[in-house]
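Novice: need a structure here:
(chains A, B, C and D)
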There are 2 protein chains.
Amino acid sequence: MTSKTTTIRDVARQARVGLGTVSRVINGGTHVSTATNTRVMAAIRRLGFRPNAPARRIRGRAEMVCFLLSNRDVLHAFHARILQGVETYARTIKQHVVFCVVHYDADTPPGNILLPPLLEERGWVDGLILAGTVYPNFLRRIQSMGIPFVAFGNNVFGLDGRRQNFDRVRFDGAKAEYEAARFVIEQGHRTVAFVGDTFYPWVRERYSGYLDAVREARLNPTAITARKTMTFGEYGEWAASCFVEADPRPTAVLAANDEVAYALWRSFRRLNLRIPEDVSLVGFDDREEALLMDPALTTVRVHKEEIGKACMETLLKRLHHPEKPFTARVLPTELIVRGTVRHL
Amino acid sequence: MTSKTTTIRDVARQARVGLGTVSRVINGGTHVSTATNTRVMAAIRRLGFRPNAPARRIRGRAEMVCFLLSNRDVLHAFHARILQGVETYARTIKQHVVFCVVHYDADTPPGNILLPPLLEERGWVDGLILAGTVYPNFLRRIQSMGIPFVAFGNNVFGLDGRRQNFDRVRFDGAKAEYEAARFVIEQGHRTVAFVGDTFYPWVRERYSGYLDAVREARLNPTAITARKTMTFGEYGEWAASCFVEADPRPTAVLAANDEVAYALWRSFRRLNLRIPEDVSLVGFDDREEALLMDPALTTVRVHKEEIGKACMETLLKRLHHPEKPFTARVLPTELIVRGTVRHL
DNA sequence: CTGAAAGCGCTTACAG
DNA sequence: CTGAAAGCGCTTACAG
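Specialist: Next up, the predicted model:
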């Protein structure tokens, strides 16, 4: 938009050096004498020169990675926090990150999945961070692009144990839920329920952790895990109505995530069940809803920013060492005890 | 990463045409005979050729705009929806949009505000969409970059009436709040309060609409608008505690936004004030919290996706017609009547 | 309509 | 350490 953009050529003329020298200065000033370096720097400053980034990119300078969020209509706060982690870390290491969203069906053939123009076109990004829900068809689509990527593993479908040819960052949902269930049991609860649609692998994983803890304590599992095509909120409401009819009624409920927990909380209140006096409640994720509840929700905290940072680190390693074996990094979680579990 | 990237040159050889012809085909195929066009297309398909985007960008092809979100720690759902609108619309017109965040203090000198690398460097983006909180110093920083931009006007500080030399998209907060207050008054309420820190221009605007309606009805304004350095949630809690002591106690409260409304709702419940039986409540924004409340919150809906789309449209017009006068587009709002206002 | 050439802004060997 | 030249992958006048 400026009438005449100043280029590397202008700087070279101004500083009375060759084009290559200016280029070297821009790229760190190695192999340049201090004298010329300062002269060139001065010229750059005087002319207000700023290198044209896309031009540099042609030759491999200026790395750029893409944070690709799939199948989230509203930008989900959970993933937004992961993105935040990516951004923050990228800044410190002078990496560029662009954010893209994509929507697709689980049964669309890989070739028909429409990617954002920034990915469809070649040359923009060097690598990908996959967040959101990743079905196998999407994974294949991405793999066919032949571009390095790392996935937030908890949301990937069809990963069960099989050896995978891509990098992952994840947390151990089974272990986390096992610990949450242990905590509830230690508080004296004997009828502990789990609520969550196990169609989703990340719910299934949490469910298995719940089962481990309950069986270990020689209690009977009471779970609502049926597949239902409804939102997590609706699922919680539905589950709450099931519980009032249950006999014995659980004294504690582990919700697959905070969204389900919130819906349970609201529904229980409507049914005149007080929390935690009548029912104890534990969530998962530690999202915004957890603090909106009253009392605040006891839940499993997932360190979203850390996940973002780990994704970026993993991707960078891959970019610089394409031949190394694939990794699956596992991040810790943390049980946050607030006010929704009663000691019996 | 592919061993040998195929270029326009490979396509030209394969199709037995010149480089220029391939370029023309890529860029829409005008001024090319149907025969050559199909031959080139075939070659492109066979070779799996995809043009290198940054290379095209050097010469002005491939437009790219930036959605710049400022001073939002967690990606605020409100702005996320605006971004969604931008993305969705951009897709239909084959525009690229990159998302960036920036953090700064209101009193940092413009020159010292650190922008994301994607903006600091030249050549990446053609235009900017400013969302988040925009203080005057930030506005100056952006303007000094000499790059076209459009701002989501409601969140810009220091805009009062003055003629501005940039494009804006906004909604009329005063009119919206006027209508909300009118509605409450028509339901029979005579003591109607407003809660919100008028330090924020968008709150001040809503407050003025509230005042208009109350005065028009010859009622006494009862407002809590003091400047407090706390979150909106804390502000709501604090305001609730003020109200229980007030005499006469307001029968209805207009909250500056849904976050304040949620805090009021929770605080009132703790104080054993039922909503809407004892106090009626109206929010603003129609964010996620509105539906988390029980009963659901009556609030003013802001069409966030529409704002995003309008921003993109405005920016594109500016990009293609740099000389046209600046515009301030005003989008409609909508009062969503749910369950928190009682008919007296 | 089409090819050959010059050019975009930068980087990278290549000599010195 | 440094300049002149060739090159990155693409686009844009320029002839024809």
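Novice: So which residues on the stretch 51-200 of chain A come close to chain B?
Specialist: Listed as neighbours of chain B in the stretch 51-200 of chain A under the rule Cβ under 8 Å from any Cβ of the partner chain: A:51-55, A:57-58, A:62, A:73-75, A:77, A:80-81, A:83-84, A:87, A:91, A:94-96, A:98-101, A:116-118, A:120-124, A:146-148. Glycine gets a C-beta too; all of them are placed from N, C-alpha and C.
Novice: can you narrow those residues to ones near DNA strand D?
Specialist: When contact is defined as Cβ under 7 Å from any atom of the strand, these meet DNA strand D at A:55, A:58, A:122.
Novice: hang on, the second one packs against B:Asn52?
Specialist: Yes - applying Cβ atoms under 8 Å as the test, A:Ile58 and B:Asn52 come out as touching, 7.0 Å apart.
Novice: who has more neighbours, the two?
Specialist: Applying other Cβ atoms under 10 Å in any protein chain shown to A:Ile58 and B:Asn52 shows that B:Asn52 carries more neighbours, namely 19 against 14.
Novice: pLDDT weak spots in the stretch 51-200 of chain A?
Specialist: Counting by pLDDT under 70, the stretch 51-200 of chain A has low-confidence residues at A:61, A:73-76, A:161-162.
Novice: Around DNA strand C, pick out the residues from it.
Specialist: Residues of the stretch 51-200 of chain A lying near DNA strand C (Cβ under 7 Å from any atom of the strand): A:51-52, A:55-56, A:58-61.
Novice: Out of these, name the ones that lie in helices.
Specialist: Mapping those onto helices (DSSP state H) picks out A:55-56, A:58.
Novice: Need phi/psi at the nearest residue to A:Arg274 once chain neighbours are set aside.
Specialist: If the residues on either side of it in the chain are set aside, A:Arg274 comes closest to A:Phe268, at 7.8 Å by Cβ to Cβ, 6 or more residues apart in numbering or on different chains. A:Phe268 has phi and psi values of phi -60, psi -40 when expressed as degrees, to the nearest 10.
Novice: Run through the residues that contact A:Phe268.
Specialist: Residues near A:Phe268 by Cβ atoms under 8 Å, 6 or more residues apart in numbering or on different chains: A:240, A:274-275, A:278-279, A:281.
Novice: Can you check the residues you listed and name whichever has the most neighbours?
Specialist: Neighbour-wise, the contacts of A:Phe268 (other Cβ under 10 Å) top out at A:Leu281, 27 neighbours.
Novice: Show me how chain A divides into domains.
Specialist: According to automatic domain parsing, chain A comprises the domains A:8-58, A:64-170+A:305-330, A:173-302.
Novice: could those go into JSON lines alongside distance to B:Lys309?
Specialist: Shown next, in JSON lines, are these (distance: least, Cβ to Cβ, whole Å):
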{"stretch": "domain A:8-58", "distance to B:Lys309": "27"}
{"stretch": "domain A:64-170+A:305-330", "distance to B:Lys309": "15"}
{"stretch": "domain A:173-302", "distance to B:Lys309": "25"}
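Novice: mind checking which of those is nearest B:Gly233?
Specialist: Proximity to B:Gly233, assessed across the domains of chain A by Cβ to Cβ, is greatest for domain A:173-302 (8.6 Å).
Novice: Could you work out the end-to-end span of that closest one for me?
Specialist: Chord length of domain A:173-302, first to last residue, is 9 Å (Cα to Cα, to the nearest Å).
Novice: could you pull out the strands for chain A?
Specialist: A:64-70, A:96-102, A:127-132, A:149-152, A:167-171, A:192-195, A:222-224, A:252-255, A:280-282, A:299-302, A:328-331, A:333-336 (DSSP state E).
Novice: Tell me which residues are up against the fourth one.
Specialist: For strand A:149-152, the external contacting residues (Cβ under 8 Å, 6+ apart) are A:82, A:127-131, A:134, A:139, A:142, A:166-170, A:307, A:311, A:314-315, A:318.
Novice: Would you mark the buried spots in stretch A:175-186?
Specialist: Buried residues in stretch A:175-186, counted by 16 or more other Cβ atoms under 10 Å in any protein chain shown: A:175-185.
Novice: So which of the residues you listed belong to helices?
Specialist: Short answer: the buried residues of stretch A:175-186 in helices (DSSP H) are A:175-185.
Novice: number of nearby residues for the nearest residue to A:Gly48 once chain neighbours are set aside?
Specialist: The spatially closest residue to A:Gly48, leaving aside those adjacent along the chain, is A:Thr6, at 6.8 Å (Cβ to Cβ, 6+ apart). For A:Thr6, the neighbour count with other Cβ under 10 Å is 17.
Novice: A:Asp167 too?
Specialist: As a burial measure, A:Asp167 scores 24 neighbours (other Cβ under 10 Å).
Novice: got it, and A:Arg91?
Specialist: If we define neighbours as other Cβ under 10 Å, then A:Arg91 has 16 of them.
Novice: Quick check: it vs DNA strand D, distance?
Specialist: According to Cβ to the nearest atom of the strand, to the nearest Å, A:Arg91 stands 27 Å off from DNA strand D.
Novice: Then A:Ser144?
Specialist: For A:Ser144, the distance to DNA strand D equals 19 Å [Cβ to the nearest atom of the strand].
Novice: Return the residues in contact with that residue.
Specialist: With contact taken as Cβ under 8 Å, 6+ apart, A:Ser144 is in contact with A:110-111.
Novice: Please repeat the previous calculation with a cut-off of 7 Å.
Specialist: A:Pro110 (Cβ atoms under 7 Å, 6 or more residues apart in numbering or on different chains).
Novice: ditto for A:Asn257
Specialist: By Cβ under 7 Å, 6+ apart, the contact list for A:Asn257 reads A:232, A:283-285.
Novice: Out of those, which is nearest to chain B?
Specialist: Using Cβ to the nearest Cβ, A:Phe232 is the member of the contacts of A:Asn257 that lies nearest chain B, at 12.6 Å.
Novice: The closest one contacts A:Tyr262, doesn't it?
Specialist: No - if you go by Cβ atoms under 7 Å, A:Phe232 and A:Tyr262 don't touch, sitting 8.8 Å apart.
Novice: quick one on the thing from earlier: mind listing what the residue nearest to A:Gly48 touches?
Specialist: Applying Cβ under 7 Å, 6+ apart to A:Thr6 gives the contacts A:47-49.
Novice: Look up how far A:Ala12 lies from it.
Specialist: In this view, A:Thr6 and A:Ala12 are 11 Å apart by Cβ to Cβ, to the nearest Å.
Novice: do the same with A:Glu313
Specialist: In this view, A:Glu313 and A:Ala12 are 38 Å apart by Cβ to Cβ.
Novice: who's in contact with the closest residue to DNA strand D within the stretch 151-300 of chain A?
Specialist: In the stretch 151-300 of chain A, no residue comes nearer to DNA strand D than A:Phe166, which is 25.8 Å away by Cβ to the nearest atom of the strand. If you count contacts by Cβ under 7 Å, 6+ apart, A:Phe166 has them with A:149, A:151, A:326.
Novice: and if you look at A:Met293?
Specialist: A:Met293 is in contact with A:262, A:265, counting by Cβ under 7 Å, 6+ apart.
Novice: again, only using 10 Å
Specialist: A:258, A:261-262, A:265-266, A:275, A:281, A:283, A:299, A:338-340, B:266, B:292 (Cβ atoms under 10 Å, 6 or more residues apart in numbering or on different chains).
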